[in-house]
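Novice: Sequence below, structure please.
(one chain, ligands or ions: 2)
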Amino acid sequence: MGPPGSGKGTISKRIAQNFGLQYLSCAEFLQDIGTANETEASVLVKSYIDKRMLVPDHVVTGLMLPRLEQLSGHSWLLEGYPRTLGQARALNELCQLDMVISLNIPYETLRERLSDKWIHPASGRVYNMTFNPPRVKGKDDITGEALVQSEDDKPEALMTRLRHYKDVAKPVLDLYKSQGILHAFSGTDTDRIWPYMNSILSAKLPAQQSESHLPPVA
Ligand SMILES: Nc1ncnc2c1ncn2[C@@H]1O[C@H](COP(=O)(O)OP(=O)(O)OP(=O)(O)O)[C@@H](O)[C@H]1O
Ligand SMILES: O=c1ccn([C@@H]2O[C@H](COP(=O)(O)OP(=O)(O)O)[C@@H](O)[C@H]2O)c(=O)[nH]1
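Specialist: Numbering: from 1, shown residues only. Ligands and ions are numbered 1, 2, ... in the order given. Model (predicted):
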């Protein structure tokens, strides 16, 4: 969990790769559904994504939980789900989480980062012009296609998104704190947070490293 721009995608991919976890990003999963063949679910999901609103709990949960059930027998890392208390309660019914990671990143860092963030819309690959720049300025490393900046990442929109994140995430974080599984990490960048996270995860996940040969999910 973490506010927009806190590095959830960046650190999740690193964790999944280092510990051989199956990685599932809720936003990417919903994006794929929204752009798949037209079904009732795909139209509904797309309508919320286009409005930049959270897909209702019962819809997203109805899609995510069956997907997770397909992964039973593997260790996984979820990014961007659960985001609401309703989603967290539904996930609790399916399984007991081992660990929840929360990223606390200063506002000024988020603002600077997002104003420098570029994405490749077709794949969701994310770049930052100083932290992880593309090989060729303005072009995706894999396809060579143009990168774009999101209106959502401008400072005014960011304040609104941050406020929304805090309101919605607080009861979820409180729930996981009360279960004793919440680990919060503070810092200004992924590379500085990583050594602490790595040592905590290494103590908890040694047996799961053997799954690293599995193909990625998303
Ligand atoms: N757990 C979720 N529950 C409901 N909708 C979700 C969830 N995760 C993603 N979505 C949908 O996918 C869209 C994109 O999600 P994503 O996390 O990339 O962007 P975002 O909501 O702007 O988040 P952030 O502000 O953290 O970057 C959201 O606007 C929402 O419509
Ligand atoms: O230590 C970091 C971590 C991330 N980023 C950049 O910050 C932006 C947001 O990262 P990400 O998409 O991982 O964050 P999320 O929105 O998923 O939390 C991206 O441009 C990253 O390249 C950065 O500059 N420094």
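
Novice: Do a quick rundown of the strands in the protein.
Specialist: 22-25, 76-79, 100-104, 117-120, 125-128, 182-186 (DSSP state E).

Novice: Do I have it right that residue 77 meets residue 18?
Specialist: No. At 10.6 Å, residue 77 does not count as touching residue 18 under the criterion of Cβ atoms under 8 Å. The C-beta positions use only the backbone N, C-alpha and C, and glycine is treated the same way.

Novice: Okay, and the beta partners of the residue positioned nearest the centre of the chain?
Specialist: In the chain, the C-alpha closest to the average C-alpha coordinate belongs to residue 79, at a distance of 3.3 Å (Cα atoms, centre = their mean). Beta-bridge partners recorded for residue 79 (DSSP bridges): residue 25.

Novice: shouldn't it be in contact with residue 22?
Specialist: No. Under the criterion of Cβ under 8 Å, residue 79 makes no contact with residue 22, lying 11.6 Å away.

Novice: hang on, the earlier thing: higher neighbour count, residue 77 and residue 18?
Specialist: For the pair residue 77 and residue 18, the greater number of neighbours falls to residue 77 (19 against 16), based on other Cβ atoms under 10 Å.

Novice: Read off the pLDDT value for the more buried one.
Specialist: You'll see residue 77 listed with a pLDDT of 96.

Novice: Would you mind measuring from it to residue 91?
Specialist: Distance from residue 77 to residue 91, counting by Cβ to Cβ, to the nearest Å: 13 Å.
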